[in-house]
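Asker: fold the following, please.
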Amino acid sequence: MPAPFAFDRTWTFAVPAEVLWRTITRTDDFPRWWSWLHELDADGVRPGATARCVVQAPLPYALRFDVRVLETVEARLVDTEVTGDLHGSARLEITPRDAGASDARLMWSLEMRNPVLRGLAVVGRPAMVWAHDRVVELGVAQFERRALDDRTG
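Answerer: Got it, this is the predicted structure:
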């Protein structure tokens, strides 16, 4: 089995942690913000909530997975479990900074569970990492615009 896809990055947003949190919890807006999110059925960001997702990568495959919220601390933490084509854990930590900014650290370790994609990951891992990084880069930029819009009203 290929090694898990691990991810650990931090971004600074020019909004307070509370504004960032309000934006994160607007799950109904996610499909409008992110063109690569083809399907989303989410029931909030609270312990026990589940989001069913279909993500279209910039390569010819889609990922189908569920994200179940295990723990939340308002404006600080979302800890989740991911199942489906991907399996593992994901965590978002928010830290307030000076001058009304905040850091968001996103971490996950996910294994491919879809047999076709797992086989593809053996030889195509660099392309899959590239596709993943493009989706994350685009998603963060789009998210930041929403958070800043929320801050300015």
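Asker: pLDDT below threshold where in the chain?
Answerer: Along the chain, the model assigns pLDDT under 70 to residues 1-2, 147, 150-153.
Asker: just the strands in the chain please.
Answerer: 5-13, 37-42, 50-56, 62-73, 77-84, 86-96, 102-112 (DSSP state E).
Asker: adjacent strands (with direction) for the shortest one?
Answerer: Spelled out, that is strand 37-42. Applying DSSP bridges, strand 37-42 is found paired with strand 50-56 (antiparallel).
Asker: and the longest one, by the same measure?
Answerer: Using DSSP bridges, the neighbouring strands of strand 62-73 in the sheet come out as strand 50-56 (antiparallel), strand 77-84 (antiparallel).
Asker: what comes up buried for the longest one?
Answerer: In this case it means strand 77-84. Neighbour-count burial for strand 77-84 flags 78-80, 82 (criterion: 16 or more other C-beta atoms under 10 Å). Where C-beta positions appear, they are placed from N, C-alpha and C, glycine not excepted.
Asker: quick check: the farthest pair among these?
Answerer: 78 and 82 (12.2 Å; C-beta to C-beta).
Asker: can you redo the buried residues of strand 77-84 as JSON lines with distance to residue 59?
Answerer: Below are the buried residues of strand 77-84 laid out as JSON lines (distance: C-beta to C-beta, whole Å):
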{"residue": "78", "distance to residue 59": "27"}
{"residue": "79", "distance to residue 59": "29"}
{"residue": "80", "distance to residue 59": "24"}
{"residue": "82", "distance to residue 59": "19"}
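Asker: scan the protein for its longest helix.
Answerer: The longest helix of the chain (DSSP state H) is helix 115-152.
Asker: now do that helix: which elements does it pack against?
Answerer: In terms of contacts (3 or more C-beta pairs under 8 Å, 6 or more residues apart in numbering; DSSP states H and E), helix 115-152 is packed against strand 5-13, helix 17-24, helix 30-33, strand 102-112.
Asker: now the longest one against helix 115-152, angle please.
Answerer: It refers to strand 102-112. Angle between the axes of strand 102-112 and helix 115-152 is 170 degrees (criterion: axes from the mean of the first three to the mean of the last three C-alpha atoms, to 10 degrees).
Asker: where's the residue lying farthest from the centre of the chain relative to residue 23, distance?
Answerer: No residue in the chain sits farther from the centre than residue 99, which is 25.7 Å out by C-alpha atoms, centre = their mean. Note on residue 99: its distance to residue 23, by C-beta to C-beta, to the nearest Å, is 18 Å.
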